[in-house]
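Trainee: Sequence first, then the predicted structure, then my questions.
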Amino acid sequence: MHEIQKEKQRRLAAPGRVLARSRRIIPITIKAFGKGLVAVLGREDVGVDFGTSTCLAAVRGRSVVLREAALCALDRNTRNIIAVGDEALRMLGKTPGHILLMRPLKHGSVSDYDVTTRMLRYYLRKVQGRRALLRPRVFLCVPGSVTDVEKRSVSDAMLDAGARRTQLIDNAVAAAIGAGLDVTGSYGHLVVDVGGGVTDVAVVSMGRVVARDAARAGGDRFHEAIMRELRRKHNLMIGERTAEELKTTMGAAIPRDTPMYMDVTGRNLILGLPRTVRVNSDELTEAMEEPVRDIVEGVHSVLERTPPELAADIFERGMTLVGGGAMLPGLAETLSSQIKIPCRAPNDPTACAAFGLAQIMDNLEAMAELLA
Ligand SMILES: Nc1ncnc2c1ncn2[C@@H]1O[C@H](COP(=O)(O)OP(=O)(O)OP(=O)(O)O)[C@@H](O)[C@H]1O
Ligand SMILES: [Mg+2]
């Protein structure tokens, strides 16, 4: 009788034991599987420069692998994502009422956390491809002018998007490295980043930003000025996409040697009907005078606050123009002639920060002090 009771108790306890054992085994198995994956595929480091207009990503050992518009198309009612990146860009100016096009990150500040996370997840998966099972360490560019809370928000969005860890890097420092400047030395470098929303002006020395300012004139202000000018002068209303096309194809900060012309179709504000107007490049230069002046003022104000020794270095070596807006013909010449300091723009100014991240990831030990 005693033996039968013991056997019953043993049987009753058995499922619990199995459960307890499986609770121990499952995490160990997952951990072992993860370690096996890392052993087979290696650790993954990804650098991300998520800007107002463009998102660029680099993978350690493979340099820049992604460059897409930082744009998202959403269904207004369901909030479902319809398109991300360049696919969403193709919809600009042509979306029906139920589709909302949005830039969820405005100069390092998250305007919609959920959309930012979903976009970052899309970009991560795209750069990782088949290695998407690995949670990468992400080196994330952030403008130094944003608050700690804003930096934390982008970093949290990146973790929610699938990063294992994040390491924040100042945009200006990454862009300076990507532009080929030796930021670890005690020389002062002036970096002018003309992004989408604002222009970040920073003096970098010994891997740190010594003085900085954000001028309220980024590349988008140029084409907004073009839209205003065409409305004022020709009563013509054009979309953002057409204005940006005008800016990138024939805009210039100084009058071109040989003026260019383009026929632009928009809506006539008096008749309310489509009309075509011939626009010349000098009109665009005139329209963009104000934002160019704001950038010059931003640079002036930072130079006024720069320690004299570093200002002397900058005077000798000149300033470096990066960001998409640096591609505006004549902008470097205008800055150089107005501030009386040489100004150069590298070959691919939009990707400077991403190239910088790639260099940091490839030389982690040598660049350790930049990550402190
Ligand atoms: N060829 C060009 N000429 C003039 N402007 C250009 C050209 N190409 C791109 N741009 C402008 O560059 C800007 C985008 O620059 P960039 O990609 O560096 O911005 P971002 O890094 O996304 O923004 P931010 O740094 O402000 O968050 C846009 O305003 C775009 O219109
Ligand atoms: Mg940028």
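Mentor: Nice, thanks for sending it over. Ligands and ions are numbered 1, 2, ... in the order given.
Trainee: Every contact and neighbour count from this point should use C-alpha atoms.
Mentor: Fine.
Trainee: how's the chain carved up into domains?
Mentor: 45-173+354-371, 181-218+290-347, 219-289 (automatic domain parsing).
Trainee: is the longest one anywhere near ligand 1?
Mentor: Okay, so that is domain 45-173+354-371. Yes: Domain 45-173+354-371 lies within reach of ligand 1 by C-alpha under 6 Å from any ligand atom, at Gly51, Thr52, Ser53, Thr54, His107, Gly108.
Trainee: In this structure Cys55 contacts Cys72, no?
Mentor: No: the pair Cys55 and Cys72 does not pass the contact test of C-alpha atoms under 8 Å, sitting 11.6 Å apart.
Trainee: Kindly reformat the domains of the chain as JSON lines containing mean neighbour count and mean pLDDT.
Mentor: JSON lines is the format used below for the domains of the chain (neighbours: other C-alpha atoms under 10 Å; pLDDT from 0 to 100):
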{"stretch": "domain 45-173+354-371", "mean neighbour count": "19", "mean pLDDT": "91"}
{"stretch": "domain 181-218+290-347", "mean neighbour count": "20", "mean pLDDT": "94"}
{"stretch": "domain 219-289", "mean neighbour count": "17", "mean pLDDT": "95"}
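Trainee: Those residues of this protein touching ligand 2, which are they?
Mentor: With C-alpha under 5 Å from the ion as the criterion, the chain meets ligand 2 at residues Gly51, Gly195.
Trainee: Spatially, which two of the residues of domain 45-173+354-371 next to ligand 1 are the most separated?
Mentor: Thr54 and Gly108 (11.8 Å; C-alpha to C-alpha).
Trainee: can you give me the strands in the stretch 101-250 of the chain?
Mentor: Applying DSSP state E, counting those that start in this stretch to the stretch 101-250 of the chain gives strands spanning 105-106, 109-110, 137-142, 165-170, 189-194, 199-205, 208-215, 236-237.
Trainee: I'd like to know which of those lies nearest to Gly93.
Mentor: Closest approach to Gly93 among these is made by strand 236-237 (12.7 Å; C-alpha to C-alpha).
Trainee: Counting by contacts, list what that closest one packs against.
Mentor: Packing partners of strand 236-237 (3 or more C-alpha pairs under 8 Å, 6 or more residues apart in numbering; DSSP states H and E): helix 219-234, strand 261-268.
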